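Asker: I need the structure of the sequence given here:
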Amino acid sequence: MASKFTEQIIICIKNFFSAYSNVRTDFWGGSLEKRMIFALEVAREVFKVAKKNAPKGFIIGYRISPEEVHEDNIGYTWHEAQLLVNQLTENFEFDYVHLSTNDYTATPTDSDKNYAQLLGERVKKPALLMIVGGIHTVEKMKDALQYVDIVSLGRPTLIDNQIGYKIKNGQADHIFLEFNEESVKESHLAPGLIDLLANTAYFDMPGIDYLKTLTDVKLGDAVTHDGTK
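Answerer: Presented below is the predicted three-dimensional model:
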């Protein structure tokens, strides 16, 4: 329930920032400056509540897609995303900004720099920069760290839930990089999660064909659709 609520909040903030979905003409929409207000006010309230109630060291981050493009319809550009993360980290002490991408090396059509380089230019320290997107091997982790401070390893952790421990303790050669009999046994994947991964094209992860041999369950589109589109 908590993760679902968080996802809904992220989508809500994004919808206010997007010129594609935010067609309001009042205080909350219209110009770029007005489309940024909702994100800034949510941040203000979060920090207010955290200061009053959260324990010392409580971490607060902001997750954003570097741009929103629906074919010919532009929700926001990376230029606008730059301005938003700058405003957020200038006005609030965020611990990190998390860039949500499908490929950490991706570049926009109007720049040779990748999104991490571009948005990172406007993230005010001490906020750290994090990225997710196709980081499935140790080599890619090391490469991504040229551009960011933290790499997000959600899907690799599903394959090997000890990946962080192994990296920290010099056991990178023992990391499972794909689903197979040994990795599934070690990670104790729940049957329901196996069903979901095996049925969802969006989770096209290394070794997914092996997971498909472990289940006969067929899930409908209501469960497996790509919620990012």
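Asker: Would you mind listing the buried residues in stretch 98-116?
Answerer: For stretch 98-116, burial by neighbour count (16 or more other Cβ atoms under 10 Å) applies to 98-101, 104-105, 108, 114-116. Every C-beta, even on glycine, is put in place using the N, C-alpha and C of the backbone.
Asker: farthest pair in those residues?
Answerer: The largest separation in the buried residues of stretch 98-116, counting by Cβ to Cβ, is between 98 and 108 at 18.3 Å.
Asker: in this structure, which spans are strands?
Answerer: Secondary structure of the chain, counting by DSSP state E: strands at 61-64, 68-70, 73-76, 96-100, 128-132, 150-151.
Asker: any chance of the ones you listed in JSON lines, with mean pLDDT and distance to residue 221 too?
Answerer: Converted to JSON lines, those look like this (pLDDT from 0 to 100; distance: least, Cβ to Cβ, whole Å):
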{"stretch": "strand 61-64", "mean pLDDT": "96", "distance to residue 221": "26"}
{"stretch": "strand 68-70", "mean pLDDT": "89", "distance to residue 221": "20"}
{"stretch": "strand 73-76", "mean pLDDT": "94", "distance to residue 221": "24"}
{"stretch": "strand 96-100", "mean pLDDT": "97", "distance to residue 221": "23"}
{"stretch": "strand 128-132", "mean pLDDT": "98", "distance to residue 221": "24"}
{"stretch": "strand 150-151", "mean pLDDT": "97", "distance to residue 221": "31"}
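Asker: which one of those lies closest to residue 211?
Answerer: Closest approach to residue 211 among the strands of the chain is made by strand 128-132 (21.0 Å; Cβ to Cβ).
Asker: Sheet partners, orientation included, of that closest one?
Answerer: Sheet pairing here is set by DSSP bridges, and for strand 128-132 it gives strand 96-100 (parallel), strand 150-151 (parallel).
Asker: how about the residue nearest to the spatial centre of the chain, what does it touch?
Answerer: Closest residue to the average C-alpha location of the chain: residue 100 at 3.5 Å, with Cα atoms, centre = their mean. Residue 100 is in contact with 63-66, 132-133, counting by Cβ atoms under 8 Å, 6 or more residues apart in numbering.
Asker: Between these, which sits nearest residue 90?
Answerer: Comparing those against residue 90 with Cβ to Cβ picks out residue 64 as the nearest, at 15.1 Å.
Asker: just checking, the closest one touches residue 97?
Answerer: Yes: Residue 64 is within contact range of residue 97, at 6.9 Å (criterion: Cβ atoms under 8 Å).
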